[in-house]
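# Next come a sequence and a model predicted from it.
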Amino acid sequence: LIIPAIGVITAIIGIFAVAPRSGDKSAMSAINRGFFISALASAVLVSIASFYFLPASLAELVDADVVAAKIGLDAAQMAAFNPRFMAIGAVIIGILLAALIQVLTGYFTETNRKPVDTVAATSLTGAATVILSGISLGLESAVYSALLIGSAVFGAYSLGAGSITLSLFAIALAGTGLLTTVGVIVAMDTFGPISDNAQGIAEMSGDVHGEGAVILTSLDAVGNTTKAITKGIAIATAVLAATALFGSFRDAITEAALSAGLDVTTIGEYAGVIDASNPKNLVGLIIGVSVVFLFSGLAINAVGRAAGAVVFEVRKQFRENPGIMTGETKPEYGRVVDICTRDSLRELATPGLLAVMSPLAVGFGLGVGALGAFLAGAIGAGTLMAVFLSNSGGAWDNAKKFVEDGNYGGKGSDAHAATIIGDTVGDPFKDTAGPAINPLIKVMNLVGLLITPAIVSFALDGNERTSQIIAAIATAIIIAALIRSRRSSTLIG
């Protein structure tokens, strides 16, 4: 609780530091300054708090013998281990992860950087090459972001002195450290839609020209970058939280097995150990990866169907009410808003059921080992997919902005039309499917954690038939939801 409290203080410092200066090249310079000052202040204050609140060794803790038995360290190791340095190191790892994600994402999505400029240049040869370059950029950036997140997880894990419990606690602290900058991160995320809407309103009004229009366009481009950055940081927090939850997952398995009178040290699956040679675990891993792809496809398809319904409605209003084009009458805005609202709520059902039911189907159908592999696969694939979708969408959007600034023919050119298509494709990537993977990972991990005792209990009590029935019902619900979703896609007109 102390670390998040420090984050509140440093958020205030960072927000005041964002005040623009005459030497700033763009709004992104001011935002970066606020973020890095906030991060530095967090590191310093957390270090001070660690020395003030934590003892110099674990041996100085109250009930040190009980703690030693829980974390698996002997008396000498307890005396030698300094929790202050572990806490400081883990928090700094989290802060560094946030800072590096900001720099990396900014490189791949900012205008006047080579990746986005390259995507904009491909508009000279049509929309297809814009799509291809944006996808390749997203795939490449996802690898680097995943490596950063993986390095942070391993770095925090290595601070545990060989104790799994301490290592997982360090990973959780790294996630908390990353969120010490949450105030600035939320401000950055909010900046994106504000700048986007401001630029859109100004463009529709037709009253903003010259330098004012240029400034608004620049702020909109910066907003696209900040949104991509915050989505990358969000998926990093999801991975750190999910990794830390694996400790609870393991404890839930072993406690359920012990309560059933089983010697967990003799059976790997019920000791929380995933056997890579067990085909069931490999199947669970593959299903976990598949769920991320299916979830992303459902989210993108939902946007496509809703957008198609809006297009048909707009065409219908133009056809039935010619006065709209001449300005004599106003369109029926409410009907379009109703389509968007109704479809967004309806389309939420299938991805939501997939997130809840898939752990049930795998856990009760294949066992706790397969469930652990399923969650691991979902975390790994979700990390890559979320960053890929967010960064590709941000790059396409800013490539369009780069052309609108007068490059490659400017507004109204064929290059501009190509980047508009890329931006249209990128919107469901960066605004729907990409951000939605973050709660997907968290929901599946929490569901998996909650059902683990029941899975172990049924398996050890000989209730395999009950487990198979539950798995079959969960699978049937998923299939029914997918069939319904597929049929509704034919109703777009």
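Received the coordinates, thanks. Numbering: from 1, shown residues only.

# Can you mark which positions in the helix or strand of the chain with the lowest mean pLDDT are buried?
When the helices and strands of the chain are scored by mean pLDDT, DSSP states H and E, helix 64-71 comes last with a mean of 76. For helix 64-71, the neighbour count (16 or more other CB atoms under 10 Å) marks Ala64, Ala68, Ile71 as buried. Glycine gets a C-beta too; all of them are placed from N, C-alpha and C.

# residues of the helix or strand just after it that come out buried?
Next along the chain after helix 64-71, taking DSSP states H and E as the criterion, comes helix 75-80. Neighbour-count burial for helix 75-80 flags Gln77, Met78 (criterion: 16+ other CB under 10 Å).

# elements contacting helix 75-80?
helix 64-71 (3 or more CB pairs under 8 Å, 6 or more residues apart in numbering; DSSP states H and E).

# What is the helix it packs on packed up against?
helix 75-80, helix 164-178.

# and those helices, which is most packed in?
Ranked by mean neighbour count, the helices and strands packed on helix 64-71 are led by helix 164-178 with a mean of 24 (mean count of other CB atoms under 10 Å).

# Just the CA trace of the helix or strand just after that helix, in PDB.
Sequence-wise, the next helix or strand downstream of helix 164-178 (DSSP H and E) is helix 182-205. Output of helix 182-205 as PDB, limited to C-alpha atoms (Å, rounded to 0.1, in the frame of the first residue of the first chain):
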ATOM      1  CA  VAL A 182      -0.100   5.400 -13.000                       C
ATOM      2  CA  GLY A 183      -1.200   9.000 -12.600                       C
ATOM      3  CA  VAL A 184       0.800  10.100 -15.600                       C
ATOM      4  CA  ILE A 185      -0.100   7.000 -17.500                       C
ATOM      5  CA  VAL A 186      -3.800   7.600 -17.000                       C
ATOM      6  CA  ALA A 187      -3.300  11.200 -18.100                       C
ATOM      7  CA  MET A 188      -1.500  10.100 -21.200                       C
ATOM      8  CA  ASP A 189      -4.300   7.600 -22.000                       C
ATOM      9  CA  THR A 190      -6.900  10.400 -21.500                       C
ATOM     10  CA  PHE A 191      -4.900  12.800 -23.700                       C
ATOM     11  CA  GLY A 192      -5.400  10.600 -26.700                       C
ATOM     12  CA  PRO A 193      -9.200  10.700 -27.100                       C
ATOM     13  CA  ILE A 194      -9.300  14.400 -26.000                       C
ATOM     14  CA  SER A 195      -6.900  15.500 -28.700                       C
ATOM     15  CA  ASP A 196      -8.600  13.200 -31.300                       C
ATOM     16  CA  ASN A 197     -12.000  14.700 -30.600                       C
ATOM     17  CA  ALA A 198     -10.700  18.200 -30.500                       C
ATOM     18  CA  GLN A 199      -9.100  17.800 -33.900                       C
ATOM     19  CA  GLY A 200     -12.200  16.100 -35.300                       C
ATOM     20  CA  ILE A 201     -14.500  18.800 -34.000                       C
ATOM     21  CA  ALA A 202     -12.300  21.500 -35.500                       C
ATOM     22  CA  GLU A 203     -12.100  19.800 -38.900                       C
ATOM     23  CA  MET A 204     -15.900  19.300 -39.000                       C
ATOM     24  CA  SER A 205     -16.600  22.900 -38.000                       C
END
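
# wait, Thr217 sits on Gly200?
No - with contacts counted by CB atoms under 8 Å, Thr217 stays clear of Gly200, the gap being 10.7 Å.

# Among those two, which residue is more densely surrounded?
More crowded of Thr217 and Gly200, by other CB atoms under 10 Å: Thr217, with 18 against 12.

# What are the phi and psi values at that one?
Main-chain dihedrals, Thr217, degrees, to the nearest 10: phi -60, psi -40.

# neighbours of Ala49, just the number please.
Neighbours around Ala49, by other CB under 10 Å: 18.

# give me every residue that touches it.
Ile2, Ile3, Ile6 (CB atoms under 8 Å, 6 or more residues apart in numbering).

# so which helix or strand takes in the second one?
Counting by DSSP H and E, the element that carries Ile3 is helix 2-17.

# For that helix, name the packing helices and strands.
Looks like helix 2-17 contacts helix 27-53, helix 164-178, helix 182-205 (3+ CB pairs under 8 Å, 6+ apart).

# Relative to Leu450, how far out is the residue nearest the centre of the chain?
Nearest to the mean C-alpha position of the chain, by CA atoms, centre = their mean, lies Ile235 at 2.9 Å. Using CB to CB, to the nearest Å, Ile235 is found at 23 Å from Leu450.

# Might you list the low-confidence residue ranges for the stretch 351-493 of the chain?
Applying pLDDT under 70 to the stretch 351-493 of the chain picks out residues 488-493.

# what ranges do the strands span in it?
For the stretch 351-493 of the chain, no strands turn up when DSSP state E, counting those that start in this stretch is the criterion.

# what about the helices in it?
Taking DSSP state H, counting those that start in this stretch, the helices of the stretch 351-493 of the chain run over residues 368-404, 414-428, 434-460, 464-488.

# ok so, going back, now mean pLDDT and distance to Leu348 too, for the helices and strands packed on helix 2-17, in TSV please.
What follows is the helices and strands packed on helix 2-17, written out as TSV (pLDDT from 0 to 100; distance: least, CB to CB, whole Å):
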stretch	mean pLDDT	distance to Leu348
helix 27-53	86	32
helix 164-178	86	27
helix 182-205	81	20
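
# Residues in contact with the least confident helix or strand of the chain: which ones?
With contact meaning CB under 8 Å, 6+ apart, helix 64-71 is reached by Leu58, Leu61, Asp74, Ala75, Met78, Ser163, Thr165, Leu166.

# can you name the two of those residues that are farthest apart?
Largest separation among those by CB to CB: Ala75 and Thr165, giving 16.8 Å.

# Report the spatially closest residue to Phe402, excluding sequence-adjacent ones.
Closest residue to Phe402 apart from its sequence neighbours, by CB to CB, 6 or more residues apart in numbering: Ala120 at 4.3 Å.

# so who does that neighbour touch?
Applying CB under 8 Å, 6+ apart, the residues contacting Ala120 are Ala399, Lys400, Phe402, Val403, Asn407, Tyr408, Ala415, Thr419.

# can you check Gly106 too?
Neighbour list for Gly106: Met28, Asn32, Arg113, Thr225, Ile229 [criterion: CB under 8 Å, 6+ apart].

# same thing with Phe169?
Taking CB under 8 Å, 6+ apart, one finds Gly160, Ala244 in contact with Phe169.

# run the last query once more with 10 Å
Ile71, Pro83, Met86, Ala87, Ala90, Ala156, Leu159, Gly160, Ser163, Ala244, Gly247 (CB atoms under 10 Å, 6 or more residues apart in numbering).

# Please convert those residues to JSON lines, extending it with distance to Leu258 and secondary structure.
Below are the contacts of Phe169 laid out as JSON lines (distance: CB to CB, whole Å; DSSP: H, G, I helix; E, B strand; the rest coil):
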{"residue": "Ile71", "distance to Leu258": "18", "secondary structure": "helix"}
{"residue": "Pro83", "distance to Leu258": "28", "secondary structure": "helix"}
{"residue": "Met86", "distance to Leu258": "29", "secondary structure": "helix"}
{"residue": "Ala87", "distance to Leu258": "31", "secondary structure": "helix"}
{"residue": "Ala90", "distance to Leu258": "30", "secondary structure": "helix"}
{"residue": "Ala156", "distance to Leu258": "28", "secondary structure": "helix"}
{"residue": "Leu159", "distance to Leu258": "28", "secondary structure": "helix"}
{"residue": "Gly160", "distance to Leu258": "23", "secondary structure": "helix"}
{"residue": "Ser163", "distance to Leu258": "20", "secondary structure": "coil"}
{"residue": "Ala244", "distance to Leu258": "22", "secondary structure": "helix"}
{"residue": "Gly247", "distance to Leu258": "16", "secondary structure": "helix"}
